[in-house]
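In: below is the sequence, then the predicted model.
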Amino acid sequence: MLENVLDTALRTGISHGNLRVSFPSGRGETYGDGSGALIAIRITDPARLRAIALDPGLAVAEAYMDGALVIEHGDIYGLIAVAKSNMRPEVSTPGAWFQHLRRSVALAPVARAIGLKAARANVAHHYDLDERLYRLFLDDDMQYSCAWFERPDMTLDQAQLAKKRLIAAKLLVRPDARVLDIGCGWGGMALYLARCCDADVTGITLSREQLRIAEARAEAAGLSRRVRFRLQDYREVRETFDNIVSVGMFEHVGKRQFPVFFRTAARLLAPDGVMLLHSMTQPAPALYNQPFLEKYIFPGGYIPSVGEVVPAIERAGLLLRDVEILSLHYAETVKAWRERFLARRDEVVALYDERFLRMWEFYLAGSESAFRHDHIHVSHFQLAREQQRVPLTRAYVAEAMERLREREWQVPEYAALQAEPPAGVARLRRDAS
């Protein structure tokens, strides 16, 4: 009976692709039009059938984590991609009523305000994992946010450097500017701004592990006097800054805190200051958090729509000077992370266990698929207090990036990632010869 329920749901919902399912009874069925690579799965536990039919967003992930859903051909990314590429909201499935129920239950993390205690707990859940895990799949600078693939042939490390360069150009940082990095991660952006923009940077994080590593990196680079890090929530900061940057942190603020975040930014930003917010965004407001991510990966996380962010900016009295959409760049970033993660799966298991490995594989595969099929993207919001602080045209961005490339050439770890010397450096070399 339960096999029939799931069979009906799959037959109704999967119109294209090539999915083969082996049920616990030994029964096998094929779904889709046969196009694309074969994805073959086997469900080993009859008790999972009801949960998968009613709440696939969570139950498929948990079945995979527990070994009750086995991939026999293809991989978990292929399975998720087939599901996402077939999603049609107008189709009613046996579990559709459950999704309406979830809105009243799972809406709570979206609707509630995230206080200081909850914010610290949410951050610790994800970012206080063993640093060796992140070093297995991130670039050498430990950038855990969307890279910018300025050229399609870029490596992950090159694209992450390009992302920092793009953000620094939009910040319009003046020498000796006081910069606040909200959600500084392991310190890579702060160190870049100090090295290439001569900025004085304060980075804040709620992760003790990130703080420890960021401080050690600043010390090793000889930048402790220009770059300092604090274990602090953005709401607790009291100083004024010439620039504010926040990369990949806004998704943890919480929907009800958007007005608080931008009011705080307005209070902290100097009258002639510039701010750059780098955040994931989606095409429309979400009714509830994705259940797997909420339960296992990012409790309290919420990806806003652009339409939810802009009113909060306006009400805070900040001027929106530029918005740029980075489309599919995060899909390519997560693809690189997933490939690097799986290439070192034995080391992941040694750090944690097989269930953790499958949980994170599902997280990375699901994230990549979401960026490709759900139209989730990254937005750059450039904000200012004074209209004239930002140049009349965007030509300044390319000009600033070229100057930053020349500064990068003076930092060995950045210079090593450049395919060739910047134009200014090449010109000096020709003149010298």
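Out: Structure's in. What do you need? As the structure is a prediction and not an experimental result, all values here were calculated from the model.
In: any idea how far apart the tips of stretch 224-240 sit?
Out: End-to-end span of stretch 224-240 (CA to CA, to the nearest Å): 20 Å.
In: can you check stretch 63-81 too?
Out: By CA to CA, the extent of stretch 63-81 from end to end equals 17 Å.
In: buried sites along it?
Out: Under the neighbour-count criterion of 16 or more other CB atoms under 10 Å, stretch 63-81 has 63-65, 68-69, 71, 74, 76-81 buried. C-betas here are computed from N, CA, C, even on glycine.
In: equivalent analysis for stretch 405-414, please.
Out: Here stretch 405-414 shows 405, 406, 407, 408, 409, 414 as buried, counting by 16+ other CB under 10 Å.
In: before we move on, back to that, can you put the buried residues of stretch 63-81 in JSON lines and add distance to residue 388?
Out: Converted to JSON lines, the buried residues of stretch 63-81 look like this (distance: CB to CB, whole Å):
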{"residue": "63", "distance to residue 388": "57"}
{"residue": "64", "distance to residue 388": "54"}
{"residue": "65", "distance to residue 388": "54"}
{"residue": "68", "distance to residue 388": "61"}
{"residue": "69", "distance to residue 388": "58"}
{"residue": "71", "distance to residue 388": "57"}
{"residue": "74", "distance to residue 388": "55"}
{"residue": "76", "distance to residue 388": "51"}
{"residue": "77", "distance to residue 388": "48"}
{"residue": "78", "distance to residue 388": "52"}
{"residue": "79", "distance to residue 388": "53"}
{"residue": "80", "distance to residue 388": "47"}
{"residue": "81", "distance to residue 388": "47"}
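In: any low-confidence regions in this protein?
Out: 88-113, 424, 426-433 (pLDDT under 70).
In: is the residue positioned nearest the centre of it in a helix, a strand, or coil?
Out: Geometric centre of the chain, nearest residue: residue 145, 4.7 Å, by CA atoms, centre = their mean. Secondary structure, DSSP: H, G, I helix; E, B strand; the rest coil: residue 145 is coil.
In: can you tell me how far the spatially closest residue to it that is not a sequence neighbour is from residue 280?
Out: Counting by CB to CB, 6 or more residues apart in numbering, residue 248 is the residue found nearest to residue 145 once chain neighbours are left out, at 3.4 Å. Using CB to CB, to the nearest Å, we find residue 248 at a distance of 8 Å from residue 280.
In: may I have the longest helix anywhere in the chain exported as CSV, CA atoms only?
Out: Counting residues, the longest helix found in the chain (DSSP state H) is helix 354-373. Provided in CSV are the C-alpha atoms of helix 354-373 (Å, rounded to 0.1, in the frame of the first residue of the first chain):
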residue,chain,number,x,y,z
GLU,A,354,29.8,7.9,7.8
ARG,A,355,26.5,9.5,8.8
PHE,A,356,28.1,12.9,9.0
LEU,A,357,29.8,12.4,5.7
ARG,A,358,26.4,11.6,4.0
MET,A,359,24.7,14.5,5.8
TRP,A,360,27.2,17.0,4.5
GLU,A,361,27.3,15.4,1.0
PHE,A,362,23.5,15.9,0.9
TYR,A,363,23.9,19.5,2.1
LEU,A,364,26.5,20.3,-0.5
ALA,A,365,24.6,18.5,-3.3
GLY,A,366,21.3,20.1,-2.3
SER,A,367,22.9,23.5,-2.2
GLU,A,368,24.4,23.2,-5.6
SER,A,369,21.2,21.9,-7.1
ALA,A,370,19.2,24.8,-5.4
PHE,A,371,21.5,27.4,-7.0
ARG,A,372,21.0,25.8,-10.4
HIS,A,373,17.3,24.9,-10.3
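In: in the helix or strand where residue 334 lies, which residues are buried?
Out: Applying DSSP states H and E as the criterion places residue 334 in helix 329-343. Neighbour-count burial for helix 329-343, counted by 16+ other CB under 10 Å, picks out 329, 330, 331, 332, 333, 334, 335, 336, 337, 338, 341, 342.
In: what do you get for stretch 302-310?
Out: In stretch 302-310, counting by 16+ other CB under 10 Å, buried: 302, 303, 304, 306, 308, 309.
In: now for residue 50, how many residues are close by?
Out: 16 (other CB atoms under 10 Å).
In: from what I can see it touches residue 3, true?
Out: No: taking contacts as CB atoms under 8 Å, residue 50 lies outside contact range of residue 3: 10.5 Å.
In: please enumerate the helices of the stretch 1-150 of the chain.
Out: 2-13, 48-54, 56-66, 76-85, 96-111, 116-127, 131-137 (DSSP state H, counting those that start in this stretch).
In: quick one: list the elements packing against the fourth one.
Out: I take that to be helix 76-85. In terms of contacts (3 or more CB pairs under 8 Å, 6 or more residues apart in numbering; DSSP states H and E), helix 76-85 is packed against strand 39-43, helix 56-66, helix 354-373.
In: between the buried residues of stretch 63-81, which is closest to residue 355?
Out: Checking the buried residues of stretch 63-81 against residue 355 by CB to CB gives residue 65 as the nearest, at 5.3 Å.
In: quick one, what contacts that closest one?
Out: By CB atoms under 8 Å, 6 or more residues apart in numbering, the contact set of residue 65 is 355, 358, 359, 362.
In: how many neighbours does the nearest residue to the last one once chain neighbours are set aside have?
Out: Translated: residue 362. For residue 362, ignoring the flanking residues on the chain, the nearest one in space by CB to CB, 6+ apart is residue 61 at 5.0 Å. Residue 61 is flanked by 26 other residues according to other CB under 10 Å.
In: go on, residue 297?
Out: Neighbours around residue 297, by other CB under 10 Å: 19.
In: I'd like the distance between the residue nearest to residue 298 when sequence neighbours are not counted and residue 293.
Out: Nearest residue to residue 298 in three dimensions, chain neighbours excluded: residue 126, at 6.0 Å (CB to CB, 6+ apart). Using CB to CB, residue 126 is found at 10 Å from residue 293.
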